[in-house]
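J.: Have a look at this prediction, sequence included:
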Amino acid sequence: MTSGRARPAVLVARRVFPDVLAGLQRHFEVEANDTDEVWSPEELRQRLQGKAGALTTGSERISAELLAACPDLRVVANMAVGFNNFDVAACTAQGVLATNTPDVLTETTADFGFALLLATARRLTESEHFLRAGLWNRWSVDMFAGAEVHGSTLGILGMGRIGQGIARRGAHGFGMRVLYHNRSRLSPATEADCRAEWVPKADLLAQADHLVLVLPYSAASHHAIGAAELALMKPTATLVNIARGGIVDDEALAHALRTRQIAAAGLDVFEGEPTVHPELLALSNVVLTPHIASATLPTRRAMAQLAADNLVAFLVEGRALTPINPDVLTRVG
Ligand code: 8YV
């Protein structure tokens, strides 16, 4: 900042790493949440008064109503690749730059997607609970017999960066046949690299032994997997969701798992999280994790740093590193 001018004020809505905060304090007046408590929309609105920037996570909703009540706000930097918590059209209409954190979490999240697939197919948590409960007293020929992963058919719904990472792991690491469905097809070169074949959604559902969801949440993808889609899947299939709650109809999924319409599910995200559908909690053929697909310390650090860097880049230098609505840059530039 040039001396003599007031430093912009920014809000950090959730606890992040102290060094990331210290970096922001070199440029800005920083008000930060140093707890893991999520501020209510009203508290967020109050704290955003006079702030030029905000570092948010998926828990903070940046709505048209909030933006209208925060006229000083110029940039919202989400510490997430997904940005369904932002009303992007409203941000753009109000000239507020929105940024996210792509790339830095791709491989970590793809690792987790595969971990969840393996845990689900091979009944890892179910068998561990059995052992810890003291129920293991003999070997049995089909005890916790799960589904084959290597050489099976991997289906991927949503084929962005993370989907491609999962495809590569499946094709090259586990010798899987990889099918995918996405609105737009990958280039032939990327398809060859991932050894992935585009198929219509109904074919994907019918043919996948293991179906992984990696598509962004929007009105268009709400309940992309519901009763009708689950009915198309194999009774031996597993379903893995590392994308967003709301893409799967959790009620319909619980029914499909209870009636063994599909074999098992691995879920890192839920409708209405952190609340989880009680029927899912009660089922043994589902592996449940608390939205941790990007959770390694190096990756979470990189995400927080990139969100902070976006605030500095825009408010100090008038540019953005990973903009969601780059149109705003040309307008304010
Ligand atoms: C975040 C995520 O941990 O990046 C995303 O879209 O879902 C996760 O990596 C979460 O959204 C918190 O911001």
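T.: Thanks, I have it.
J.: Please point out which parts of stretch 29-39 sit buried.
T.: 30, 32-33, 38-39 (16 or more other C-beta atoms under 10 Å). The C-beta positions use only the backbone N, C-alpha and C, and glycine is treated the same way.
J.: Helix, strand, or coil at the most centrally placed residue in the chain?
T.: Geometric centre of the chain, nearest residue: Ala243, 4.5 Å, by C-alpha atoms, centre = their mean. Classification of Ala243 by DSSP: H, G, I helix; E, B strand; the rest coil places it in coil.
J.: Surely it touches Pro216?
T.: Yes: if you go by C-beta atoms under 8 Å, Ala243 and Pro216 touch, sitting 7.1 Å apart.
J.: mind listing the strands for the chain?
T.: For the chain, the strands defined by DSSP state E cover 9-12, 29-32, 53-56, 75-78, 97-99, 153-157, 177-181, 196-198, 210-213, 238-241, 264-267, 286-288.
J.: Which strands or helices does the third one pack on?
T.: With contacts taken as 3 or more C-beta pairs under 8 Å, 6 or more residues apart in numbering; DSSP states H and E, strand 53-56 sits against strand 9-12, strand 75-78, helix 297-317.
J.: quick one on the thing from earlier: any common contacting residues for Ala243 and Pro216?
T.: Common neighbours of Ala243 and Pro216 (criterion: C-beta atoms under 8 Å, 6 or more residues apart in numbering): 82, 158.
J.: Looking at the stretch 151-300 of the chain, which residue is nearest the ligand?
T.: The nearest approach of the stretch 151-300 of the chain to the ligand comes at Ser294, 3.2 Å away (C-beta to the nearest ligand atom).
J.: on that earlier part again, pick out the most distant pair among the buried residues of stretch 29-39.
T.: Across the buried residues of stretch 29-39, the longest distance by C-beta to C-beta is 18.8 Å; it joins Val30 and Val38.
J.: Count the neighbours of the residue of the stretch 151-300 of the chain closest to the ligand for me.
T.: Ser294 sits with 23 neighbouring residues when counted by other C-beta atoms under 10 Å.
J.: domain ranges for this structure?
T.: Residue ranges for each domain of the chain read 9-102+297-332, 106-288, as given by automatic domain parsing.
J.: do you know how far the residue lying closest to Ala121 once chain neighbours are set aside is from Leu117?
T.: Nearest residue to Ala121, sequence neighbours excluded (C-beta to C-beta, 6 or more residues apart in numbering): Ala147, at 4.4 Å. The gap separating Ala147 from Leu117 is 10 Å, by C-beta to C-beta, to the nearest Å.
J.: ok so, going back, buried deepest among the helices and strands packed on strand 53-56, which one?
T.: Of the helices and strands packed on strand 53-56, the one with the most neighbours on average (mean count of other C-beta atoms under 10 Å) is strand 75-78, at a mean of 29.
J.: contacts for that one?
T.: 52-58, 62, 85-86, 91, 96-101, 307-308, 310-311, 314-315, 320.
J.: What mean pLDDT does that strand get?
T.: Across strand 75-78, pLDDT averages out at 98.
J.: Tell me the strands beside that strand, with direction?
T.: Counting by DSSP bridges, the strands paired with strand 75-78 are strand 53-56 (parallel), strand 97-99 (parallel).
J.: could I get those strands as CSV with mean neighbour count?
T.: Shown next, in CSV, are these (neighbours: other C-beta atoms under 10 Å):
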stretch, mean neighbour count
strand 53-56, 26
strand 97-99, 27
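J.: Turn the ones you listed into a markdown table, columns for distance to the ligand.
T.: Below are the strands paired with strand 75-78 laid out as a markdown table (distance: least, C-beta to the nearest ligand atom, whole Å):
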| stretch | distance to the ligand |
| --- | --- |
| strand 53-56 | 8 |
| strand 97-99 | 12 |
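J.: Mean pLDDT and distance to Ala196 for the ones you listed - can I get that in JSON lines?
T.: Shown next, in JSON lines, are those (pLDDT from 0 to 100; distance: least, C-beta to C-beta, whole Å):
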{"stretch": "strand 53-56", "mean pLDDT": "98", "distance to Ala196": "33"}
{"stretch": "strand 97-99", "mean pLDDT": "98", "distance to Ala196": "29"}
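J.: where do the helices sit along the stretch 1-150 of the chain?
T.: Using DSSP state H, counting those that start in this stretch, the helices of the stretch 1-150 of the chain run over residues 18-25, 41-47, 64-68, 88-93, 106-121, 124-132.
J.: Out of these, the one nearest the ligand is which?
T.: The closest of those to the ligand is helix 106-121. By C-beta to the nearest ligand atom, the value is 6.6 Å.
J.: what helices or strands is that closest one leaning on?
T.: Applying 3+ C-beta pairs under 8 Å, 6+ apart, we find helix 106-121 packed against helix 161-168, strand 210-213, strand 238-241, strand 264-267, strand 286-288, helix 297-317.
J.: ok, 7 Å please
T.: Helix 106-121 is packed against helix 161-168, strand 210-213, strand 238-241, strand 264-267, strand 286-288, with contacts defined by 3 or more C-beta pairs under 7 Å, 6 or more residues apart in numbering; DSSP states H and E.
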